[in-house]
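> Give the three-dimensional model of this entry:
(2 chains, ligands or ions: 2)
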Amino acid sequence: MFSCWTRRQKANMSKAKATQPQVIHKVIMVGSGGVGKSALTLQFMYDEFVEDYEPTKADSYRKKVVLDGEEVQIDILDTAGQEDYAAIRDNYFRSGEGFLCVFSITEQESFQATADFREQILRVKNDDNIPFLLVGNKADLEEKRQVTVDEAQQRAQQWSVPYVETSAKTRANVDKVFYDLMREIRSRKMEATRQSNGKPKKKKEKRRKCTLL
Amino acid sequence: MKKGGAAPLVTGVSPKEGPPGTRITIRGENLGCDIKDFIGLKICGVDCILSAEWKSPSKIIARSGPGKGKGDVIVITRTGGVGSCTVGFKGYFVQIGPLQDSAIWIDESQTVSIRHGRTQSPIFSKEDEDPLGISDEGNQAKFKEEELLEMFPDASGNMALQNFSPAWYLLENHHDTSFEDMKAGLAYMKRRATQRSEGPIAFVKSNLSSTLDCMESLDALHQQYCADDLRGDSVNQYAVLLMQAKSCADGLFKEVLGRKDKADSTRNALSVLQRFKFLFYLPLNIKRNIEKGDYNLVINDYVRARSLFAETQVQVFKKVYNEVERNIGEFREMLQQKLMELPNPLDEQKKLIRYLLSLECEGDPAWECLVNMQQWLTGILCTCKEDHIKEEQMSQTESEASMLKSPVSHMSIDTPKGKRRETNTSFKSTLSPDQSGWKFNTPQKILFIEELTDIMLENFPSFWKLGQAYFSGSLFVNVKENSERPQKTDSSKHSKFKQMVTDVISLFSNLVRAAFLPKSLENTPEENRKEFGIWRDNKQEIPGAWLPSGVRYVRNCVSSLSLLDLPGDCPTLIQDLALDMRTDCMVTLLKQAISDVKQLHLKETWAVETDDESGGTTQLPALFENIVNETIQHLHEVVVQNKVGEPEIFSQRTVQKDATVLCTQLLQAFAPCIHSLAFNPPFHSPEKSNSLPILTAEGKGTLGKDKVPVTDKRLIIMLSNCNHTMVRVIPRLVENLNKHGYVEMNKALRAAQDTYEDLDDSLFEAYVEEKSNPIVGAIEQNMYKGGFSWKTCGKPSGVRNYLKQVIMHMIEVHAEVFAVSPVFVTRVTQKVIEQVSEEFTRVIQCVTDHGKYGPVQARLELMALQETVSLYLTPHASKCFKEALGDLPEVKTEDRKLSEELLNKFKSQMKFQMMCFYGDSILRNSSEA
Ligand SMILES: Nc1nc2c(ncn2[C@@H]2O[C@H](COP(=O)(O)OP(=O)(O)OP(=O)(O)O)[C@@H](O)[C@H]2O)c(=O)[nH]1
Ligand SMILES: [Mg+2]
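Residues are numbered from 1 along each chain as shown, chains lettered A, B, ... in the order given. Ligands and ions are numbered 1, 2, ... in the order given. So this is what the prediction gives:
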């Protein structure tokens, strides 16, 4: 399904603008309200840190980046952490190729909530190996820490995902989490391409079936 | 569009979807280098520039327009042209049902109208539009409606219709969706379905329109039945059922409807609040704005509120408005109080007055302010005077006390270092202020005048200007509507104000006069004089050097006040004051200088300094010149410089006369000093004299310690001083006086020169007498010494000694004069020689009986004397010699030869002595050249 999507994308993009990089990695920011998802995104996208808290509904960002020498586009969907918007999450999750699951190291509840997010993502994506990073944000507020590195690391191990601590304020590890996630997405895609290349017919059939339906 | 700018690129939207009017934060690159550069914004094809707010080249905030579906966000800039985007915005319409929770306020009139048209457009919630919960992300190439119709001739994709075909729907909306996604969608739909069946309320809520449809259909059916079924039996059953359904439905919605009613009333209250927010917030706003000092706003608000609510009958409004009135009342009082607080800058006062007028204060705030200001000004002027008088009395008693303690140093001040500094009380006056530690000694009156003029300058102009503004009506600009207002500035107040101004000015003038010109107040009644202040002392208290600074303060003040265009007598009052101050200062200083000069003889040290220009003088003439020049200097500003609008000080005939007389006196004042020093010097020796060598620098003869020189020395020294004064000092001083504008100085010069000439004559005569008397007196006696007789004398053997003695005496005189003042040598020597010649020839002529050799001897001696002093012979002396020689009997040729020989012998003998007279004449000639 990924290749299918990318190919279509490729065709469209080449029509619109030849210079646009062809590959798009779709990243989704998840996590409780106020943990700093938007702050991380804006820091990554625009090098700015926003002090005020403005709850997000669903924001969309996309820009060109160079990933290990290759020019690609990163598409970031910044979702709502607030419970009020929980209902619209399912839809969004479906389109994601990788997830940054963010909690704030200064808020134990936000850490607890990561389990629910993880569960929902796995349910929607139906894929245990979906590219996923556990991100402990607000690392600059060490004096207010409520979540120890150990307990976070333990949970990450349990899920077999990396754990990274970031600070949207100081920009520590901000680039790292996005690039690491993109690398995982890329390798997942390459794997998928290899598989589908091995069974090209199956894919075609599937497509036709869809049309017939 | 400028070339070279990079095209805008939108890379972020927040949020990425929403109904029309959603506030969107757009981020990206090159979104315009400034607000002017940003010229266009399209969201989903709709121009949104009007709602857009440019924040930075990377951030714009805007509201979405009525675009539906997913579309681009395009920014257009002047420099970068039409841009592109990597992200888009999805617009959708939400219809919030009457029972849905909503965070925003919904216009329900729209809901109602939709309810009426519900059969045509059943209401679907958002989930109903997308029952599988799969976003239409991938819906790129849709099947066309015709194609679908072809495939499913009898079906439709509308879920609300009976012929709904799921296949149609899936092809239309999800033909490109993967199987995986489809499965997920199915699961999603199932979850939703279970949610829906959670209870009747949830079911009714989510199918409200259908339920209502049912109800209405049933109702219609019922009516139809009633109409058709005449028996009505069968209907009852249904009717009961319907009733039950209705009451059940009502029950279901009772709570909801109750809430709606509550919501309605809340909303009503809110809208009332909103509409009259202004009034309700007014009391608070008034307080806040008063605190902030934004009085204009307060007044505007109040005026607006008054026009809207003053007549209101509504209780709530009345209550609030009354509070407003109360606040404004307090505000008014505060303003009035502020207005009465002084000092206050003019602008501030004007503002306050205008505020009060716009608040329609009773009375006439401006006038009250003026009256208050006048009282206040009068008050501080008087307080200033009283403070300084008190201060002065205190310092006086203090100084008296300290005088008692240490009678030697009359008034001593402890300097920080602990040394005692003495104030010279015997010779104060023209000493410059810094000579006597002036910081400590600034006279009280000077401090007083400084403060008084300061007070006037700082406050009077505001007072006057405020008054002018009041009468010109410029304070009333804000209340033009009130036509009766300006008439309040009636003419009775005009003259009152004039009187007030004049009162202040004359008070000021009188306060100054009381301190500096008490004489000019002599005609005022006693009690008034007390009011202006009785200063204990007389003028002598103020050292002369301080007076001009006092005058300066007054004049500065007066000239500033003169610029104000004051009414009535005021300009004259203050101009007179300034002129009187100047005149008084001039007269005082000149008088002080005169008395100082008269004291100069106490300062004589008898040390003679010789220089080529003036010969030998003591320091006294220089001291005299200094005193005069310093006085002129001190008076310079007072006398010469005129400020704008001031009259020339000498334009007043009496002033001019006084000044001339005083100047003449000043120039003459030195003469008595010289006179008294020459003829009866004070015998206590002045300071310093004991340590200085007396007489000349060449050291010829010094006088004993503590000794005044003997008469003849004194005479010649004073003669020299007098001459120097007359010839050099006086002309210089007169020139200086002329330069400073003193009038009729030639008259003064002449008078002074006459004085000094007379003095010179009497000194000269006295001196010459002093010198020639001994010589002349001795001639006859010595001539006949040793029984000499013209009749019996033998053949002459040479010039006799007595004559040589005479010559030696004359040389002595010559030397003495030369030592003191070479210029006098000729004058004195001539005079002495004349007298000697006169006497000598007289004695010779008295001889009646010449013997044989008598005439030869006489001739020889006459010739010898004549030869010796030939260079100093006056015509009178020559005549004497000629007559004496002529009266002598004829001398034989051989005797004549003898006398010639002897004369030559005398000349060679007396060569050195005679050189005194000759050498001296060379010097005299050279100095005259
Ligand atoms: N000190 C510090 N503050 C942060 C950091 N990251 C975010 N914040 C602050 O935390 C608050 C919330 O940040 P957001 O990024 O808006 O939170 P969010 O996760 O996007 O919240 P929702 O949009 O409601 O889901 C903001 O006031 C940020 O300034 C961080 O790393 N350090
Ligand atoms: Mg956010």
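
> longest helix anywhere in chain B?
For chain B, the longest helix by residue count, based on DSSP state H, is helix B:233-275.

> Which other helices and strands does the helix or strand just after that one contact?
The helix or strand immediately downstream of helix B:233-275 is helix B:277-292, counting by DSSP states H and E. Packing partners of helix B:277-292 (3 or more Cβ pairs under 8 Å, 6 or more residues apart in numbering or on different chains; DSSP states H and E): helix B:295-309, helix B:315-340. The way it works is simple: take the backbone N, C-alpha and C, and place the C-beta from them, glycine included.

> Next up, phi/psi of the residue in the stretch 801-929 of chain B that ligand 1 sits nearest to, please.
Closest to ligand 1 within the stretch 801-929 of chain B is residue B:821: 101.2 Å, counting by Cβ to the nearest ligand atom. With angles defined as degrees, to the nearest 10, residue B:821 sits at phi -160, psi 100.

> What is the longest helix seen in chain A packed up against?
Identified as the longest helix of chain A according to DSSP H is helix A:174-198. Helix A:174-198 is packed against helix A:2-16, strand A:24-31, helix A:37-46, strand A:58-67, strand A:70-79, strand A:98-104, strand A:132-137, strand A:163-165, with contacts defined by 3+ Cβ pairs under 8 Å, 6+ apart.

> Quick one: closest of those to residue B:834.
helix A:37-46 (120.1 Å; Cβ to Cβ).

> returning to that earlier point: using a markdown table, lay out the helices and strands packed on helix A:174-198 together with distance to chain B, mean pLDDT and mean neighbour count.
Converted to a markdown table, these look like this (distance: least, Cβ to the nearest Cβ, whole Å; pLDDT from 0 to 100; neighbours: other Cβ atoms under 10 Å in any protein chain shown):
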| stretch | distance to chain B | mean pLDDT | mean neighbour count |
| --- | --- | --- | --- |
| helix A:2-16 | 7 | 42 | 14 |
| strand A:24-31 | 9 | 95 | 24 |
| helix A:37-46 | 6 | 95 | 24 |
| strand A:58-67 | 4 | 93 | 20 |
| strand A:70-79 | 7 | 94 | 21 |
| strand A:98-104 | 16 | 96 | 27 |
| strand A:132-137 | 18 | 96 | 27 |
| strand A:163-165 | 23 | 96 | 20 |
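
> Which of those sits closest to residue B:835?
It's helix A:37-46; of the helices and strands packed on helix A:174-198, that one is closest to residue B:835 (Cβ to Cβ) at 121.5 Å.

> Now for the residue lying closest to residue B:885 once chain neighbours are set aside, which secondary structure element holds it?
Closest residue to residue B:885 apart from its sequence neighbours, by Cβ to Cβ, 6 or more residues apart in numbering or on different chains: residue B:862 at 5.7 Å. Element membership for residue B:862 (DSSP H and E) is helix B:854-868.

> outside of the helix or strand following that helix, which residues touch it?
Sequence-wise, the next helix or strand downstream of helix B:854-868 (DSSP H and E) is helix B:875-887. With Cβ atoms under 8 Å, 6 or more residues apart in numbering or on different chains as the test, helix B:875-887 has contacts from B:830, B:833-834, B:837-838, B:840-842, B:844-845, B:858-859, B:862-863, B:865-866, B:869, B:873.

> could you redo the last one with a cut-off of 10 Å?
Contacts to helix B:875-887, defined as Cβ atoms under 10 Å, 6 or more residues apart in numbering or on different chains, come from residues B:830-831, B:833-845, B:847, B:850, B:855, B:858-859, B:862-863, B:865-866, B:869-870, B:873-874.

> Now do the buried residues in the next helix or strand after that helix.
For helix B:875-887, the succeeding helix or strand toward the C-terminus, using DSSP H and E, is helix B:893-909. Counting neighbours by 16 or more other Cβ atoms under 10 Å in any protein chain shown, one finds that the buried residues in helix B:893-909 are B:895, B:898-899, B:902-903, B:906.

> cool, and stretch B:359-378?
Applying a neighbour-count criterion of 16+ other Cβ under 10 Å, one finds B:359, B:361, B:364-370, B:373-374, B:376-377 buried in stretch B:359-378.

> one step back: put the buried members of the contacts of helix B:875-887 into a ChimeraX selection.
Remark: buried members of these, expressed as a ChimeraX selection using 16+ other Cβ under 10 Å:
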select /B:830,831,833,834,835,836,837,838,839,840,841,843,844,847,850,855,858,859,862,863,865,866,869,870,873
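
> neighbours of residue 187, just the number please.
You didn't pick a chain, so chain A it is. The number of residues packed near residue A:187 is 11, by other Cβ atoms under 10 Å in any protein chain shown.

> wrong chain, I was asking about chain B
16.

> Double-check it against residue B:132; I have them as touching.
Yes: using Cβ atoms under 10 Å, residue B:187 is in contact with residue B:132, at 9.4 Å.

> tell me the contacts of residue B:390?
Here residue B:390 is in contact with residue B:444 (criterion: Cβ under 10 Å, 6+ apart).

> Likewise for residue B:757?
B:722-723, B:726.

> Same question for residue B:842.
B:776, B:779-780, B:880, B:883-884.

> Columns neighbour count and distance to residue B:388 on top of the residues you listed, output as CSV?
Listed next are the contacts of residue B:842 as CSV, based on neighbours: other Cβ atoms under 10 Å in any protein chain shown; distance: Cβ to Cβ, whole Å:
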residue, neighbour count, distance to residue B:388
B:776, 21, 69
B:779, 19, 75
B:780, 14, 77
B:880, 24, 76
B:883, 13, 81
B:884, 23, 81
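
> Out of those, the closest to ligand 2 would be?
For ligand 2, the closest of the contacts of residue B:842 turns out to be residue B:776, at 132.7 Å, with distances computed as Cβ to the ion.

> What residues sit buried inside the longest helix of chain A?
Buried residues in helix A:174-198, counting neighbours by 16+ other Cβ under 10 Å, are found at A:174, A:177-182, A:184-186, A:188-189.

> near ligand 1 at all, it?
No: figure legend: helix A:174-198 not in contact with ligand 1 (Cβ under 6 Å from any ligand atom); closest approach 8.8 Å.

> just the angle between that helix and strand A:98-104, please?
Note on geometry: by axes from the mean of the first three to the mean of the last three Cα atoms, to 10 degrees, helix A:174-198 and strand A:98-104 are set 150 degrees apart in direction.
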